[in-house]
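Chemist: Take a look and give me a structure for this.
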Amino acid sequence: MNLQKEGRALVGEGILMKVCRKKPKQRAFFLFNDILVYGQVVISGRKYSQQKIIPLDEIKINPSVDTPENPYAWLISSPKKSFVVRANSDRERQEWLAHLEQCIRYACGGTNSQHSAVAAHWVPDDKADVCMHCGSTKFSAYNRRHHCRNCGIIICDGCSKGRFLLPHLDSKPVRICDACHVKLNNPNMNESRPTQRDRAADSSDSDGEEGAAQFAPVP
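Modeler: Reported below is the predicted structural model:
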């Protein structure tokens, strides 16, 4: 992956825990003045794989997911992907948030003109044993978990028969829950997008974390 570009500069880097659908995973994050890059650590400090790039002018930051159950965390949202990450300490979290917000402002030309549509953050699989829409269908090997692409809750097949085109996610209609199907097909409804009922971020401890975050001034 060639990250060289005129005017691009590395501002900070560090190891964070990315709260994924199945379980938290250690990921290396690299903050540039215009993009955020993250990938799987193969050789500590030397080699990374499955690197993803998110333009900073597409990112929104929500620090309010920091809770006693999920300490030192914040939500990173973008049109294609949204996820929670965790730092090792409050100081490291504050450093990341400060530099992210500064770089996002820089990438947006000092304004808040970011993309309005972002992907929903998916509730981790282990946070729901039953459908979060009907509350009755119990998940098993025969009743699989599905995620609403609009609000992120965990739902059963019976509560997610509808499909809807969300252009920021896909060029084809995607799976949504029944509640979102009603609301998206009735745009005059005043209710906001459904909240992720019973959402609780994963509180698993991170093992063997290395690499305190390092930052430089934004060019």
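Chemist: what residue ranges in the protein score low on pLDDT?
Modeler: For the chain, residues meeting the criterion pLDDT under 70 lie at 1-2, 41-50, 110-116, 189-212, 215-219.
Chemist: Tell me the buried residues in the longest helix along it?
Modeler: Using DSSP state H, we find that the single longest helix of the chain is helix 90-107. By 16 or more other Cβ atoms under 10 Å, the buried positions in helix 90-107 come out as 92-93, 95-96, 99-100, 102-104, 106-107. All C-beta spots, glycine's among them, are computed from the backbone N, C-alpha and C.
Chemist: Which elements pack onto it?
Modeler: Packing partners of helix 90-107 (3 or more Cβ pairs under 8 Å, 6 or more residues apart in numbering; DSSP states H and E): strand 10-19, strand 24-32, strand 60-62, strand 73-77.
Chemist: Residue 164 is nearest to which of those strands?
Modeler: strand 73-77 (19.1 Å; Cβ to Cβ).
Chemist: what packs against that closest one?
Modeler: Counting by 3+ Cβ pairs under 8 Å, 6+ apart, strand 73-77 packs on strand 60-62, strand 82-86, helix 90-107.
Chemist: Put the alpha carbons of the second one into CSV.
Modeler: Spelled out, it's strand 82-86. Written as CSV, here are the backbone C-alpha positions of strand 82-86 (Å, rounded to 0.1, in the frame of the first residue of the first chain):
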residue,chain,number,x,y,z
SER,A,82,-18.2,2.6,12.1
PHE,A,83,-16.5,1.0,15.1
VAL,A,84,-15.5,1.5,18.7
VAL,A,85,-11.8,1.6,19.7
ARG,A,86,-10.2,1.5,23.1
